[in-house]
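*Asks:* need a structure here:
(chains A and B)
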There are 2 protein chains.
Amino acid sequence: MTKISAPTLEDVARLAGVSTASISRALNDPDKVAKPTRDKIEAAIEALGYTPNFGGRALASNRTNTVGAVVPTMANAMFASGLQAFQEVLSEAGVNLLLATTGYDSEQELRQIKALMAHGADGLMLIGDARPQSTRDFLEKRRIPHVISWCFQPDASPIHVGFDNRAACYAATQHVLELGHRRIAMICGVRQGNDRAADRFDGVSAAIDDFGQGAAMVRAVDAQYRLEFGGDAFEKIMSQSPRPTAIICGNDVLAAGALKRARELGIDVPGDVSLVGFDDIGLASVVTPALATVRVPQIEMGREAARLLLARLSGEEGGGPVELHTEFMPRASLAPPAQAVDQPEP
Amino acid sequence: MTKISAPTLEDVARLAGVSTASISRALNDPDKVAKPTRDKIEAAIEALGYTPNFGGRALASNRTNTVGAVVPTMANAMFASGLQAFQEVLSEAGVNLLLATTGYDSEQELRQIKALMAHGADGLMLIGDARPQSTRDFLEKRRIPHVISWCFQPDASPIHVGFDNRAACYAATQHVLELGHRRIAMICGVRQGNDRAADRFDGVSAAIDDFGQGAAMVRAVDAQYRLEFGGDAFEKIMSQSPRPTAIICGNDVLAAGALKRARELGIDVPGDVSLVGFDDIGLASVVTPALATVRVPQIEMGREAARLLLARLSGEEGGGPVELHTEFMPRASLAPPAQAVDQPEP
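*Replies:* Numbers count the residues shown, from 1 in each chain, chains lettered A, B, ... in the order given. From the prediction side, this is the model:
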């Protein structure tokens, strides 16, 4: 078995009849190399299909013009459209994007951060704030320029770009309560290790507590962000007594899964129970009934995260944090409860 | 403004009080380094948060244990679940995945291939067969181990893992024809530069031609794979005469967009027109009516692509091509036409 190996700098030097140092100069500082020499080098690079190794180039220029993004999953349209916008802004600045996923596993996140840095990323975009101290230490010691997206809190640091998950869910829950709902359940994302999921739960919970008037969270079930798990959680909640009149879901995928299961079980939405999602991905307005949800400024968030990261890579310290705003989208899956409970007399 | 730079091999050497060559040996061939020296080196690496640069390591071992995948978009659940499976198999083998997207642009594909190789990828997974000669030349000259997924043709090369898009659409169209449909339209993906979209159109077209009995493709509209463009294409097709009784869509996203627009226009599916999708992403069975579609073995395809790429990275030439099979999923969005046209007398 012959080992096929990629052409090296030495191969290019041999073919062009120049030193490897000349090639290095031609790549990094072309003005210092005479035109005929550059032409020979370019022809040799082209002929051999040689790619300069950015690992090596980074030693000279300290920049590879590549950034990494580490996201929990690509299977949610939410991250996908934000990343698309993130990539577009980077692209305009001549910066490449490399992606890695964590599957919502914090050890995997640290491995991926290390891998991206080892492969020469100049900086990183990370999602959310929940990560072990060991990961924070690594980012700190390695002095990795990075931004944190998809979350924002009142005490956010200058590297945050996002929205306040707690406040967004607080506001959505107020809409639900004002329609007359008093028994509310929640299908949360898995809160352990996911600050966005935990903040969304806290927002729903606080809104119910603050509202009073007999309103209560009758049940909260954590579920991985997949259609079938949303369905399972819905079935669990609706099989127990008292049934809620409204279920607020940690994202649209869970809500769509709940909606599908409701149909299979002959439970009418919103007649028997109202459903509310989060994110406003395309799916939310395609299903029947359309999902009431919270619109997240996905594209704006991706763009702002890219701008902030590019600024930090240029050594600018300002520009952040950036807070973005969400909007509640009332749609057909949310209606007043069939029998309004504990409504004050008119 | 001070330039903050990452700790280098030299910094580690200084702190550990050893030569850079010892560190290199400790990283690449630890058995050749005495335990006390290794311990000092490891402590220094930990203290500084140093990450070995795989660009440099690659020179020694010729392997970075990282592969790249270049996909058109992450905004389609189709690629996302295939990639998830691809990553899982790589992970079991201790191999990292870096991702890049092309936005269905072939120049962007070549840039991303070059970027991934420059950042030390050992090999690549690419999607589909349509790419310019310049990209093929680059892969060839640079001798890049790679596999091509999401497509398979009878003359497939050993690096292909996928299914026959043309045959899958041919079979789906036969189902539609057998229900009595004779006026069929198609909402295709953009066929230019996308062999999967072109093959799907060819399959539908050939099935209609072969069936005869007055069956005809009354219209075919190319549309980018997004909900709203599926809706626009649907509206265009349904505003012209003669209207089709069935529309076959290049993927589920287009079909869901068509379904949404049908609802807005007061056109009943399947009463006025039947709809068929492609991929069987989660969305297909969540919408009402559920979408008839072609189930693609996404997870199996991702796994097989990873296995084939790992084999090629080990220098094995066999193992491919791998053909996977699709399955037609009849669902409520497909029914016989209201007035069966040109049906033979019973």
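*Asks:* show me what contacts the closest residue to A:E235 other than its chain neighbours?
*Replies:* Closest residue to A:E235 apart from its sequence neighbours, by C-beta to C-beta, 6 or more residues apart in numbering or on different chains: A:R261 at 5.6 Å. Every residue, glycine included, has its C-beta placed from N, CA and C. By C-beta atoms under 8 Å, 6 or more residues apart in numbering or on different chains, A:R261 lies in contact with A:G230, A:G231, A:D232, A:F234, A:E235.
*Asks:* now swap in A:K236 and tell me
*Replies:* A:V221.
*Asks:* Now do the phi/psi pair for it.
*Replies:* phi -60, psi -50 (degrees, to the nearest 10).
*Asks:* how close does it sit to chain B?
*Replies:* According to C-beta to the nearest C-beta, to the nearest Å, A:K236 and chain B sit 19 Å apart.
*Asks:* about what we covered before: could I get the contacts of A:R261 as a markdown table with pLDDT and neighbour count?
*Replies:* Output for the contacts of A:R261, formatted as a markdown table (pLDDT from 0 to 100; neighbours: other C-beta atoms under 10 Å in any protein chain shown):
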| residue | pLDDT | neighbour count |
| --- | --- | --- |
| A:G230 | 97 | 31 |
| A:G231 | 98 | 24 |
| A:D232 | 98 | 18 |
| A:F234 | 98 | 30 |
| A:E235 | 98 | 15 |
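*Asks:* From these, which land in helices?
*Replies:* The members of the contacts of A:R261 that map onto helices under DSSP state H are A:G230, A:G231, A:D232, A:F234, A:E235.
*Asks:* Test for you: state the pLDDT assigned to the residue nearest to the fourth one when sequence neighbours are not counted.
*Replies:* Distances taken as C-beta to C-beta, 6+ apart place A:A258 nearest to A:F234, at 3.7 Å, with adjacent residues excluded. Predicted confidence (pLDDT) for A:A258: 98.
*Asks:* in the helix or strand hosting A:A258, what counts as buried?
*Replies:* A:A258 is part of helix A:252-265 when elements are defined by DSSP states H and E. Across helix A:252-265, burial judged by 16 or more other C-beta atoms under 10 Å in any protein chain shown covers A:D252, A:V253, A:L254, A:A255, A:A256, A:G257, A:A258, A:L259, A:K260, A:R261, A:A262, A:R263.
*Asks:* got the contact list for A:T37?
*Replies:* A:V18, A:S22, A:A26.
*Asks:* For the stretch 101-250 of chain A, what lies in contact range of chain B?
*Replies:* Residues of the stretch 101-250 of chain A that fall close to chain B, judged by C-beta under 8 Å from any C-beta of the partner chain: A:101, A:103, A:111-112, A:114-121, A:137-138, A:140-145, A:226-227.
*Asks:* Please tell me how far the residue in the stretch 101-250 of chain A positioned nearest to chain B sits from A:Q133.
*Replies:* Here the residue of the stretch 101-250 of chain A nearest chain B is A:K141; by C-beta to the nearest C-beta that distance is 2.8 Å. To A:Q133, A:K141 is 12 Å away according to C-beta to C-beta, to the nearest Å.
*Asks:* between these two, which one's more packed in?
*Replies:* When A:K141 and A:Q133 are compared for neighbours, A:K141 comes out ahead with 15 against 8, by other C-beta atoms under 10 Å in any protein chain shown.
*Asks:* Wait, the more buried one touches B:I45, no?
*Replies:* No - applying C-beta atoms under 8 Å, one finds A:K141 not in contact with B:I45, separated by 10.4 Å.
*Asks:* okay, now the domains of chain A?
*Replies:* Using the TED database, the domain parsing of chain A gives A:1-48, A:66-163+A:298-326, A:165-295.
*Asks:* What ranges does the stretch 201-346 of chain A have for its strands?
*Replies:* Using DSSP state E, counting those that start in this stretch, the strands of the stretch 201-346 of chain A run over A:216-222, A:246-249, A:274-276, A:293-295, A:322-323, A:327-329.
*Asks:* Need these in a markdown table (columns: mean neighbour count, distance to B:C151 and mean pLDDT).
*Replies:* Formatted as a markdown table, these follow (neighbours: other C-beta atoms under 10 Å in any protein chain shown; distance: least, C-beta to C-beta, whole Å; pLDDT from 0 to 100):
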| stretch | mean neighbour count | distance to B:C151 | mean pLDDT |
| --- | --- | --- | --- |
| strand A:216-222 | 18 | 39 | 97 |
| strand A:246-249 | 30 | 37 | 98 |
| strand A:274-276 | 27 | 39 | 98 |
| strand A:293-295 | 24 | 36 | 98 |
| strand A:322-323 | 19 | 41 | 95 |
| strand A:327-329 | 17 | 38 | 98 |
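*Asks:* any idea how far the residue of the stretch 201-346 of chain A found nearest chain B lies from B:T288?
*Replies:* Ranked by C-beta to the nearest C-beta, the top residue of the stretch 201-346 of chain A for proximity to chain B is A:T288, at 4.2 Å. Using C-beta to C-beta, one gets 4 Å for the distance from A:T288 to B:T288.
*Asks:* Please apply the same query to A:R312.
*Replies:* As for A:R312, its distance to B:T288 is 46 Å (criterion: C-beta to C-beta).
*Asks:* The two: which has the busier surroundings?
*Replies:* A:R312 (20 against 17).
*Asks:* got a list of what A:T101 touches?
*Replies:* A:V70, A:V71, A:P72, A:T73, A:M74, A:Q108, A:Q112, B:Q84, B:Q87, B:L97, B:L99.
*Asks:* Help me confirm that A:A338 comes into contact with A:T245.
*Replies:* Yes - assessed by C-beta under 8 Å, A:A338 is found in contact with A:T245 at 7.5 Å.
*Asks:* Show me which of the two is the more surrounded one.
*Replies:* For A:A338 versus A:T245, the count of surrounding residues by other C-beta under 10 Å is larger for A:T245: 25 against 13.
*Asks:* Could you give the number of residues near the residue lying closest to the more buried one once chain neighbours are set aside?
*Replies:* Excluding the flanking residues, the one nearest A:T245 by C-beta to C-beta, 6+ apart is A:P337, at 3.8 Å. Neighbour count for A:P337, taken as other C-beta under 10 Å: 21.
*Asks:* coming back round to it: roughly how far apart are the residue of the stretch 201-346 of chain A closest to chain B and A:T66?
*Replies:* 44 Å.
*Asks:* Likewise for A:E109?
*Replies:* 19 Å.
*Asks:* again, but for A:V204
*Replies:* For A:V204 relative to A:T66 (C-beta to C-beta), the value is 39 Å.
*Asks:* A:D272 too?
*Replies:* Relative to A:T66, and taking C-beta to C-beta, A:D272 is found at 52 Å.
*Asks:* who has more neighbours, the two?
*Replies:* The residue with more neighbours, out of A:D272 and A:T66 and counting by other C-beta under 10 Å, is A:T66; that gives 24 against 15.
*Asks:* The more buried one: what's its closest spatial neighbour, skipping adjacent residues?
*Replies:* Excluding its sequence neighbours, the residue lying closest to A:T66 (C-beta to C-beta, 6+ apart) is A:N96, at 4.4 Å.
*Asks:* Below-threshold pLDDT in the stretch 1-150 of chain A: ranges please.
*Replies:* A:1-7, A:27-31, A:49-63 (pLDDT under 70).
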